[in-house]
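>>> Structure for this input, please:
(one chain, ligands or ions: 1)
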Amino acid sequence: MAIIKGSDYLERINKLQNEVWIGGEKVTGAISEHPAFKGIMKSKAALYDLYHHSDKKDLLTCWDEKTNEYHSFSYSQPKTKEQLRNRRQATQLLARESGGTMGRSPDYINTAIMSLGSGGAGMPKPYGDNARKIFEEAREKDFSFTHTFINPQVNRSKHYMEYSNEKIIGAKVIDETEEGAIIHGARLLATQGGITDQLLVLPAGGNFIEPSFVYGFAIPSNTPGLKFLCRESYAHGKTSSYDYPLTSHFEEGDAVVVFDHVLVPWERIFIYSDPSQVQTMYDETNMNVLLLYQAVSRQAVKSEWLLGLSEWMVRTINVVEHQHIHEKMSEMIISLEIMNSLLIAAEEEAQPNKHGTMIPDIRKLGAACSYYQKTYPRLVDALQQIGASGFISLPSEADFHSSIKEDLHQYLQAANEDAYERVRMFRLAWDLTMSPFGSRQTQYERFFFGDQVRLSSSLYMNYPKEPFVQQVQSFLKKR
Ligand SMILES: Cc1cc2nc3c(=O)[nH]c(=O)nc-3n(C[C@H](O)[C@H](O)[C@H](O)COP(=O)(O)OP(=O)(O)OC[C@H]3O[C@@H](n4cnc5c(N)ncnc54)[C@H](O)[C@@H]3O)c2cc1C
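Below you'll find the predicted structure:
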């Protein structure tokens, strides 16, 4: 069971009958057949099937002597630099299936669960033991997760605290029973909410003074009282791979998560009530560093795609001789080289933590993440500047099969592609950057791991700057 197939994933999620709301209706029946989720669930299933391909198996699976089983690489604790590199290559193999647009390929949150399992021994009892058991079950069953760590966007002024017990907004503990804690309220923003086996809930920043807001747990997505309120689907009715090459396959969906008096069993809780446990959990597990490592690996693949796509565009409409095109293309190259270099440097400077997990260098990954938040929208802008009206003169697949097809073939041809291929390429570029799916991609990368301001601030505050200050000061002292 430890490595599931795509069909296992689909059957399992259908059976869960998670409470998912979309377009004013509750999803009933097989969610994998619902127009909003069909494409992404099929694409996820295809990722699970890759684990069984004879030429991919070695990279994507790891043998575990204790359990006597193969597991997903994402549930395997990396103990050496080589294992870390394999992990990056496996993540990138999966990411290349979607050009890095599937932010929540299962290896993302699996990585968080693996870090909980391997660092649980350093967390206070019984929470550390719970973390380990959550990990062991997830690894054995090859569970997929969605996650949430944000309170609703009500009032983000620095001093705002939600105190009222009458009108609860941010999810909090409202009661305790022998079986567990009762959680009521809402959390943002679960990408793929409703189409995963489980939900991982991490502490939300900014509310650590009030113990009822301090918790971390993992529960099945069909836990009674748990609701996923999804935004409008960008994929609904957009099934043509020619017209919507990315939307039709990789539209993940995002959901507000509502906890309506949800009973969270004690054994599923790994942080509870005590704010100091939050820092302990992050220190012991290095969860954030390992998550960043997965994400930066995926983002590097996205940069590969942007470079490949823009170069194809440059050749297609033959704009290669213009100097500003070189400048824009050089930005694509620089971004790819920076992301790859930071990844390799993070691996080279990795150190084992006290639980034996090889942890990549956080300074390199923090720099990569902050850099990409600002760079990705610039790359999108560069691509749009290169393609100009090509992003707009986009007939559909149906047009190419209609009586106007000869006009289209004549007037939409390009220097180096026929009209059909030219439009196919531009539709891909449009879907990556301008369609609702594409606009979300830009917003996703902008806000990945938090907003730019606070992420840059954290990089600055935590960076060891002292040696550099001393270097400059000692230069002057010698004079
Ligand atoms: C497409 C997408 C998918 C996402 N998927 C997930 C997911 O799967 N799981 C999940 O948990 N989250 C997810 N998120 C949420 C993401 O983590 C947050 O968007 C991000 O952390 C920023 O929080 P916020 O949106 O609440 O912004 P806010 O905190 O509301 O910020 C709004 C503005 O105010 C500024 N601001 C607010 N507070 C401060 C401050 N203290 N100092 C300086 N500036 C401040 C911000 O910089 C920003 O400009 C997703 C977001 C997007 C866009």
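>>> where does Asn165 land on pLDDT?
In this prediction, Asn165 carries a pLDDT score of 69.
>>> Who does the residue in the stretch 101-250 of the chain positioned nearest to the ligand form a beta bridge with?
Taking Cβ to the nearest ligand atom as the measure, the stretch 101-250 of the chain has Thr191 as its residue closest to the ligand, at 3.5 Å. Just so you know, the C-beta spots here come from the backbone N, C-alpha and C atoms, and that holds for glycine as well. As for beta bridges, Thr191 partners with Asp254 under DSSP bridges.
>>> Does it touch Glu251 like I think?
No. Thr191 is beyond contact range of Glu251, at 10.6 Å (criterion: Cβ atoms under 8 Å).
>>> Pick out whichever of those two has more residues nearby.
Neighbour totals were compared for Thr191 and Glu251, and Glu251 leads with 26 against 20 (other Cβ atoms under 10 Å).
>>> Wait, Arg427 touches Asp243, no?
Yes. Here Arg427 lies in contact with Asp243, judged by Cβ under 8 Å, at a distance of 6.2 Å.
>>> The longest helix belonging to the chain near the ligand at all?
For the chain, the helix that runs over the most residues, judged by DSSP state H, is helix 287-316. No. Helix 287-316 is not in contact with the ligand by Cβ under 6 Å from any ligand atom; minimum separation 11.2 Å.
>>> Following the chain onward from that helix, which element is next?
Counting by DSSP states H and E, the element after helix 287-316 in chain order, helix or strand, is helix 323-348.
>>> ok and that following helix relative to helix 287-316, angle-wise?
With axes from the mean of the first three to the mean of the last three Cα atoms, to 10 degrees defining the directions, helix 323-348 sits at 150 degrees from helix 287-316.
>>> Could you name the helices and strands sitting against helix 323-348?
Using 3 or more Cβ pairs under 8 Å, 6 or more residues apart in numbering; DSSP states H and E as the contact test, the elements touching helix 323-348 are helix 81-96, helix 287-316, helix 362-387.
>>> Counting neighbours, what do you get for the nearest residue to Asn318 once chain neighbours are set aside?
Distances taken as Cβ to Cβ, 6 or more residues apart in numbering put Ala415 closest to Asn318, at 3.8 Å, once the chain neighbours are dropped. The local packing of Ala415 (other Cβ under 10 Å) involves 11 other residues.
>>> Verify the contact between Ala415 and Thr316 for me.
Yes. Proximity of Ala415 to Thr316 meets the contact threshold set by Cβ under 8 Å, at 7.0 Å.
>>> from the middle of its chain, how far away would stretch 344-362 be?
21 Å (Cα atoms, centre = their mean, to the nearest Å).
>>> ok, Thr146 to Arg378 distance?
Per Cβ to Cβ, to the nearest Å, Thr146 is found 29 Å from Arg378.
>>> More neighbours: which of these two?
Applying other Cβ under 10 Å to Thr146 and Arg378 shows that Thr146 carries more neighbours, namely 27 against 12.
>>> can I assume the more buried one is in contact with Arg104?
Yes. With contact defined as Cβ under 8 Å, Thr146 reaches Arg104; the gap is 6.9 Å.
>>> and for those two, which residues touch both?
Both Thr146 and Arg104 are in contact with 191-192, where contact means Cβ atoms under 8 Å, 6 or more residues apart in numbering.
>>> Now do the same for the closest residue to Met287 other than its chain neighbours: helix, strand or coil?
Leaving out its chain neighbours, the residue that sits closest to Met287 by Cβ to Cβ, 6+ apart is Ser115, at 4.2 Å. Following DSSP: H, G, I helix; E, B strand; the rest coil, the label given to Ser115 is helix.
>>> okay, now Ser115: neighbour count?
Ser115, neighbours per other Cβ under 10 Å, totals 27.
>>> And the pLDDT at Thr80?
At Thr80, the model reports a pLDDT of 97.
>>> Not counting residues beside it along the chain, what's closest to it?
Closest residue in space to Thr80, ignoring its immediate chain neighbours: Met358 at 5.9 Å, by Cβ to Cβ, 6+ apart.
>>> thought the one you found was touching Ala350?
Yes. The criterion here is Cβ under 8 Å, and Met358 meets it with Ala350 at 5.0 Å.
>>> Common neighbours of those two, please.
81, 84.
>>> Give me the buried positions along stretch 351-360.
353, 355, 357-360 (16 or more other Cβ atoms under 10 Å).
>>> quick one: buried residues of the host helix or strand of Ala131?
Assigning secondary structure by DSSP H and E places Ala131 in helix 127-141. Neighbour-count burial for helix 127-141, with 16+ other Cβ under 10 Å as criterion, is recorded at 127-128, 130-136, 138-139.
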